[in-house]
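Chemist: below are the sequence and a predicted model for it; my questions follow.
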Amino acid sequence: MDFTIEIVVLILVGFIAGTINTIAGGGSLLTLPILIFLGLPPNIANGTNRIGILFQNIFTTAGFKSRGVVTFPFSIYVGISALFGAVLGAQIAVDIKGEAFNKILAVIMVLVVILMVLKPKAKNLIKIEKTTGKYLWLSIFLFFFVGVYGGFIQAGVGFIMLFILSTVNNISLVKSNAIKVTVALIYTVSAVVVFAYNDTIDWQKGLILAIGNASGGWFASRWSVKKGDRLVKNFLIIMVVVFAIKLWFF
């Protein structure tokens, strides 16, 4: 493929993936196949994809902050836990565990969205966030395993984080998204270090992809805050269904 066309494809796909990752999750289902199509072995594609994710989350975090969405210090606590998990996950990121793994994950994703849709809404009550005490420690524990999965393959980790934050911590979907990208930024740093150390990153393709990811993340972060939880929830449902179908049938 001509290098100019390759640049355009990477930036365009990166923008779409950055938008999807910010509002829901699953954008890596687009970027990983494209990187492999462009000639990268799966393990190199997995590492290269993290460069786009890293820059995406830098700009996305800034985008949420510019809209007044503050997630500190909670996002730092769970982010550090996920960072340690990501080191472990990245170290075992040699390949994906076959079709059985994909189908199990597809079922999990469908269950997550069903639980989110069927979760009863509190009427005429102020939504109280649960981010201290036992809820904080439970989240720290759960986010270690989120980090393990995110360090290993990344694709779909956003769905899991949104589910934990909206159910365990009772946080709105918009703010959950802001926490999600901050956590992903923190643990992706450790994943990039591991992949770089093992020389499994194509830096040229990764940095080109990052232009699109970062642009999509910035746009989506500001847009989702403006549109509110309904947009995030509807987008999340669509992406979980698409993600599950992809894992199950392809």
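Modeler: Sure, I can see it. As the structure is a computational prediction, the values presented were derived from the model and not from experiment. Residues are numbered from 1 along each chain as shown.

Chemist: for the rest of this, base every contact and every neighbour count on C-alpha atoms.
Modeler: Noted.

Chemist: pLDDT below threshold where in the chain?
Modeler: 1, 93-127, 224-237, 239-240, 242-244, 246-250 (pLDDT under 70).

Chemist: what residue is smack in the middle of it?
Modeler: Nearest to the geometric centre of the chain sits Gly158, at 3.7 Å (Cα atoms, centre = their mean).

Chemist: quick one, what contacts that one?
Modeler: The neighbours of Gly158, taking Cα atoms under 8 Å, 6 or more residues apart in numbering as the test, are 21, 24-26, 180.

Chemist: then Thr200?
Modeler: 43-45, 47-48.

Chemist: for it, phi and psi?
Modeler: phi -120, psi 40 (degrees, to the nearest 10).

Chemist: wait, Ser28 sits on Ala155?
Modeler: Yes. At 5.0 Å, Ser28 and Ala155 qualify as touching, with contact defined as Cα atoms under 8 Å.

Chemist: let me know the helix or strand that the residue nearest to the centre of the chain is in.
Modeler: helix 157-167 (DSSP states H and E).

Chemist: tell me the secondary structure at Glu129.
Modeler: coil (DSSP: H, G, I helix; E, B strand; the rest coil).

Chemist: isn't it right up against Leu173?
Modeler: No. Under the criterion of Cα under 8 Å, Glu129 makes no contact with Leu173, lying 11.8 Å away.

Chemist: looking at the two, which one has more neighbours?
Modeler: Taking neighbours as other Cα atoms under 10 Å, Glu129 and Leu173 compare with Leu173 leading, 25 against 14.

Chemist: hang on, the more buried one packs against Phe163?
Modeler: No. Leu173 is beyond contact range of Phe163, at 9.1 Å (criterion: Cα under 8 Å).
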